[in-house]
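**Q** predicted coordinates and the sequence they were generated for:
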Amino acid sequence: MKRLVALVVLGLVVRVARAQGVIAEDSPSQAMAATVIKMWPTGAVLTTVHPGVWGYEEGVLLDGMAAEWHSTADGEDFKYIKTAVDKYVTQDGTIAGYKTDEHTLDDVEMGRAVLLVYRVTQQAKYYKAAKFLHDQLALQPRTVSGAYWHKQIYPNQIWLDGAYMAEPFRAAYAVTFQEPGDFDDIAKQMLLMDEHMRDPQTGLMKHGWDESGSGEGQMPWADKATGLSPEVWGRAMGWYCMALVDVLDWFPKDHPERAKLVEVLNRTMAAVVKYQDAKTGLWWQVMDKGDKPGNYLEASASCMFVYSLAKGVRMGYLPESYEANAKRGWEGIQKQFVTTGADGLMVLNGTVKVGGLGGKPYRSGRFEYYVGEKTGVNDAKGIGAFLLAGSEMEQAPTALLGQEGPSRLLVGSKDKLIVTERPGARKTVLLDAWFNSQTRKNGAGQTELFHYKWDDDANGGFAFFGRAFQRYGVNLATEMTAPTMADLKKAQIYIIVSPDIPVRNPTPHYMDKASGDVIQAWVKAGGVLMLMENDVTNSEFDHFNSMSERFGIHFNPVIRNKVEDDKWEMATVMIPPGTGVFEHPHKAYLKEICTIRVSGPAKAVVTDQGDVLMAVAKYGKGTVFAVVDPWIYNEYVDRRNRLPVEYDGFAAAIDLAGWAVRQAK
């Protein structure tokens with residue numbers, strides 16, 4: 001169990017703070033995650049009308065826990081998510097208590113947590129549950145224009161809430177199970193909302209849109225001409241903003257609608273910033289009527305906007321100037337809404353319990369309705385948004401290191417902003433998938449790349465190493481072919497990991513002279529090359545050395561640091577501070593490794609028992625880093641396994657990634 005104040009029981013917190021200054025020892029979101037685990041130990045959220053029943057409130061809470069896990073690598077967060085999901089997902093993949101005939105987008109939201117657990121564990125039951133939810137969306141009623149009804153009981157009605165309930169799950173599913181055609185409709189859903197629900201005067205978006213047209217079928221809350229509800233509800237806008245930044249995580253870089261979504265995000269956040277309260281840094285329940293009596297500052301929307309702003313900046317979608325808005329909002333949230341209870345647990349006040357349109361009793365969507373809704377304490381929706389915001393603010397101090405000035409330029413008037421790319425604004429780290437191109441079958445029976453890959457969340461993946469790089473605001477990319485100069489010129493950092501041997505890949509791609517020439521020329525021109533070998537039973541050496549020796553680095557085809565049972569110390573390597581690569585000390589776990597012989601420009605960085613385990617070579621304008629094992633893969637970094645917590649692989653990964661980003665020109 002985490003401690004709630006000092007948070008030093010996991011050595012990671014202290015080490016990460018020293019390594020890159022992002023996670024303070026008293027991080028509010030870490031303390032809140034600890035509160036969640038203690039307050040709702042089985043994931044049975046008590047702030048719903050029906051506690052312990054599958055629903056979006058618990059789903060949003062788990063989204064926040066997932067974001068916190070990805071930011072801190074505290075394995076207790078993932079264990080909590082899995083425990084919560086396992087309350088509902090049975091062994092055959094059935095979701096207990098799911099009501100298929102209600103066709104509500106709200107009930108799709110928790111699919112994100114199910115999908116995460118599948119991606120980490122690769123267990124079939126989670127795939128089956130995720131597929132069930134994906135299939136449910138195929139049956140969701142739609143309007144004439146093709147937009148999802150929010151629920152079966154709300155015919156022809158589109159609510160902003162639905163963007164977050166459905167589209168991030170759909171996007172993650174589309175990537176995980178190779179359904180690229182889904183992205184056309186995902187974009188359509190988001191863009192229809194932008195087209196029809198935005199107020200041209202304020203740039204803000206109305207909560208609901210009745211597409212049924214004027215006449216007998218139109219809802220009383222709908223404007224006779226536009227079909228829109230009368231007010232701008234803060235949390236509805238928050239759902240839409242978070243949906244945009246989360247969908248973009250998965251959206252193909254070459255999809256024709258991606259640029260439009262980035263443009264919509266910029267237009268939306270420009271309006272959000274315009275209505276940020278100058279005094280508190282927060283946002284109002286009815287966003288554009290902060291000075292009207294009865295209105296109040298609201299916690300969940302404020303957290304959602306902080307999350308969207310901070311993540312948008314870190315990922316390069318939004319101007320860097322918005323980082324200041326996110327910081328002011330986060331500070332305001334701590335002052336206005338956060339207290340400590342008598343039991344020492346964190347308390348988040350000020351989350352409005354509910355907001356809707358129509359129904360029984362009838363909800364008019366007018367100002368008086370929204371400000372008449374009561375706020376609650378430690379509401380799961382608010383806490384989930386708080387954790388999402390906190391996970392981004394933990395990363396904000398380094399988010400611009402990999403960015404060279406604003407990565408997006410906004411051109412035009414306040415009502416019509418055009419987003420243009422600035423080439424080279426963000427550094428790119430390119431991961432090889434040619435020399436290591438192992439495949440497996442996923443839950444759907446499809447062939448996919450795995451093992452040391454950015455998008456692999458299972459034990460052997462590099463998802464957490466990728467997140468370490470993303471803390472610095474860089475792009476992640478993958479090289480699917482033998483390296484070409486054209487491809488390498490698009491990147492500042494290139495990583496090659498554990499080249500294949502036939503026992504691991506029946507058709508391995510060996511390093512050759514042409515590839516070596518390209519890599520050598522690219523490094524000489526200023527590239528940063530990172531080489532991660534493996535032991536002799538798992539990796540190829542002769543061909544790989546033909547390239548690495550050009551930089552004075554020879555990998556010795558041996559194996560050392562074999563581990564018996566749980567004798568972790570047999571693979572312990574202490575990384576001292578001030579190596580020139582790692583700024584800070586780390587306790588590393590390097591199991592079954594080779595060794596290095598250095599010559600020429602290469603110099604040892606880390607040695608152990610007389611063996612060189614890490615080395616650096618300066619070559620021309622570039623730099624080469626070499627290590628004898630890909631030791632920062634998920635199994636020994638994400639802290640959900642049995643490795644003792646004093647091994648700080650994630651902190652070391654962040655330290656290493658920061659060094660590489662700083663070397664890159």
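**A** Done, it's in.
**Q** how about low-confidence regions in this structure?
**A** Scanning the chain with the threshold set as pLDDT under 70 gives 1-25, 47-50, 215-216, 405-424.
**Q** so where do the helices sit in the stretch 351-500 of the chain?
**A** Ranges of helices within the stretch 351-500 of the chain are 367-372, 380-395, 463-470, 485-488, based on DSSP state H, counting those that start in this stretch.
**Q** what's the longest one packed up against?
**A** This points to helix 380-395. On a contact count with 3 or more Cβ pairs under 8 Å, 6 or more residues apart in numbering; DSSP states H and E, helix 380-395 meets helix 28-39, helix 56-72, helix 234-250, helix 299-314, helix 322-337, strand 346-348, strand 351-352. Where you see a C-beta, it was placed from the backbone N, CA and C, and this is true even at glycine.
**Q** got the buried residues for that helix?
**A** Within helix 380-395, the residues that count as buried by 16 or more other Cβ atoms under 10 Å are 380-395.
**Q** Ala299: which of the residues you listed is nearest?
**A** Using Cβ to Cβ, Gly382 is the member of the buried residues of helix 380-395 that lies nearest Ala299, at 4.9 Å.
**Q** most tightly packed of the helices and strands packed on helix 380-395?
**A** Of these, the one with the most neighbours on average (mean count of other Cβ atoms under 10 Å) is helix 299-314, at a mean of 29.
**Q** of all the helices of the stretch 351-500 of the chain, which lies closest to Asn641?
**A** Nearest of these (Cβ to Cβ): helix 463-470, 12.2 Å.
**Q** what does the closest one contact?
**A** Helix 463-470 is contacted from outside by 70-71, 73, 314-315, 395, 402, 429, 431, 454-457, 476, 632-634, 637-638, 650, 653-654, 656-657, 660-661, using Cβ atoms under 8 Å, 6 or more residues apart in numbering.
**Q** 7 Å instead, please
**A** The list of residues contacting helix 463-470 from outside it, by Cβ atoms under 7 Å, 6 or more residues apart in numbering, reads 70, 73, 429, 454-457, 476, 632, 634, 637-638, 650, 653-654, 657.
**Q** please enumerate the strands of the stretch 401-550 of the chain.
**A** 408-412, 417-421, 428-432, 439-441, 447-449, 475-479, 493-497, 528-532 (DSSP state E, counting those that start in this stretch).
**Q** quick revisit: distance to Met110 added to the helices and strands packed on helix 380-395, as CSV?
**A** Output for these, formatted as CSV (distance: least, Cβ to Cβ, whole Å):
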stretch, distance to Met110
helix 28-39, 15
helix 56-72, 3
helix 234-250, 14
helix 299-314, 17
helix 322-337, 25
strand 346-348, 20
strand 351-352, 19
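**Q** tell me which of these lies nearest to Ala588.
**A** Comparing the helices and strands packed on helix 380-395 by Cβ to Cβ, helix 56-72 comes nearest, at 18.3 Å.
**Q** may I see the buried residues of the helix or strand just after that closest one?
**A** The helix or strand immediately downstream of helix 56-72 is helix 75-86, counting by DSSP states H and E. The neighbour-count criterion (16+ other Cβ under 10 Å) identifies Gly75, Glu76, Asp77, Phe78, Tyr80, Ile81, Lys82, Ala84, Val85 as the buried residues of helix 75-86.
**Q** now the angle from the next helix or strand after helix 75-86 to helix 234-250?
**A** Sequence order places helix 111-121 as the next helix or strand after helix 75-86, per DSSP H and E. Relative orientation of helix 111-121 versus helix 234-250 (axes from the mean of the first three to the mean of the last three Cα atoms, to 10 degrees): 30 degrees.
**Q** just the CA atoms of helix 111-121, as PDB, please.
**A** Extracted in PDB, the C-alpha atoms of helix 111-121 (Å, rounded to 0.1, in the frame of the first residue of the first chain):
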ATOM      1  CA  GLY A 111     -13.700  -0.900 -22.300                       C
ATOM      2  CA  ARG A 112     -10.600   1.200 -22.200                       C
ATOM      3  CA  ALA A 113      -9.600  -0.500 -18.900                       C
ATOM      4  CA  VAL A 114     -10.400  -3.900 -20.300                       C
ATOM      5  CA  LEU A 115      -8.300  -3.200 -23.400                       C
ATOM      6  CA  LEU A 116      -5.400  -2.100 -21.300                       C
ATOM      7  CA  VAL A 117      -5.500  -5.200 -19.200                       C
ATOM      8  CA  TYR A 118      -5.600  -7.300 -22.400                       C
ATOM      9  CA  ARG A 119      -2.600  -5.400 -23.900                       C
ATOM     10  CA  VAL A 120      -0.600  -6.000 -20.700                       C
ATOM     11  CA  THR A 121      -1.500  -9.600 -20.000                       C
END
